[in-house]
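**Q** next one to model:
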Amino acid sequence: MPSDPLIVLARLAQIFNDLRIQYVVGGSMASSVYGIPRATQDVDLMANVKLEHVELLTAALEPEFYVASELIVDAIRQQTSFNVVHLQTMFKADVFVAADNEWSREEMSRARTEVVLPEEALAIRFSSPEDTILHKLLWYEIGGHESDKQWNDVLGILRIQSNSLDFTYLERWAASLNIDDLLRRSRKEAVTEQR
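**A** Next up is the predicted model:
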């Protein structure tokens with residue numbers, strides 16, 4: 001039987017697909033797919049949710065999730081996030097409204113479809129390993145370099161995906177996001193610990 005995060009992720013992916021709302025799954029779910037799996041307290045998604053989606057999205061979510069349409073509207077207007085809670089499992093998902101910028105557009109276009117429940121042929125769009133690393137490094141920076149979880153997620157992806165990562169992309173966006181020092185440090189640490 002699928003775990004709570006996968007149950008919630010499967011339903012949200014199906015709803016976004018049905019409504020043709022482009023999305024990517026990020027956070028620890030993505031880092032668990034590309035790196036070292038770990039337990040998570042919620043699911044993080046980025047979605048191109050627009051005001052014209054609010055009514056249909058709320059109606060699609062309401063049978064299974066606690067959702068407040070006014071919070072979705074606020075998140076769209078302020079380019080922030082809203083959350084929904086799966087009523088059966090009480091598991092929370094944070095939906096980040098995709099920013100209208102180059103990085104968000106590139107992240108959406110570079111998303112990878114991964115089959116997470118082969119027996120159910122469930123395919124879900126995940127943020128690429130590179131974009132997952134960048135987001136994790138940003139959260140690590142914002143958190144004052146104190147989150148071992150974020151840092152270890154980055155190291156796990158770097159170690160497991162090392163030969164397939166697009167380092168040109170990583171370096172370009174790390175410089176743009178002012179986290180190039182953290183990228184260099186994490187790469188060095190990942191290589192050192194593999195020896």
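
**Q** by contact count, what packs against the helix or strand containing F96?
**A** Per DSSP states H and E, F96 falls inside strand 91-97. Strand 91-97 sits against helix 4-18, strand 42-47, helix 69-78, strand 81-86, with contacts defined as 3 or more CB pairs under 8 Å, 6 or more residues apart in numbering; DSSP states H and E. Bear in mind the C-beta positions are built from the backbone N, C-alpha and C, glycine included.

**Q** centre of the chain to the first one, how far?
**A** It stands for helix 4-18. Mean-position distance between helix 4-18 and its chain equals 13 Å (CA atoms, centre = their mean, to the nearest Å).

**Q** can you list the buried residues in that helix?
**A** The neighbour-count check on helix 4-18 (16 or more other CB atoms under 10 Å) flags 5-13, 15-16 as buried.

**Q** make JSON lines out of those and add pLDDT and distance to R184.
**A** Compiled in JSON lines, the buried residues of helix 4-18 are given as follows (pLDDT from 0 to 100; distance: CB to CB, whole Å):
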{"residue": "P5", "pLDDT": "80", "distance to R184": "32"}
{"residue": "L6", "pLDDT": "80", "distance to R184": "34"}
{"residue": "I7", "pLDDT": "81", "distance to R184": "39"}
{"residue": "V8", "pLDDT": "87", "distance to R184": "36"}
{"residue": "L9", "pLDDT": "89", "distance to R184": "32"}
{"residue": "A10", "pLDDT": "86", "distance to R184": "37"}
{"residue": "R11", "pLDDT": "89", "distance to R184": "39"}
{"residue": "L12", "pLDDT": "93", "distance to R184": "35"}
{"residue": "A13", "pLDDT": "92", "distance to R184": "34"}
{"residue": "I15", "pLDDT": "94", "distance to R184": "40"}
{"residue": "F16", "pLDDT": "95", "distance to R184": "35"}
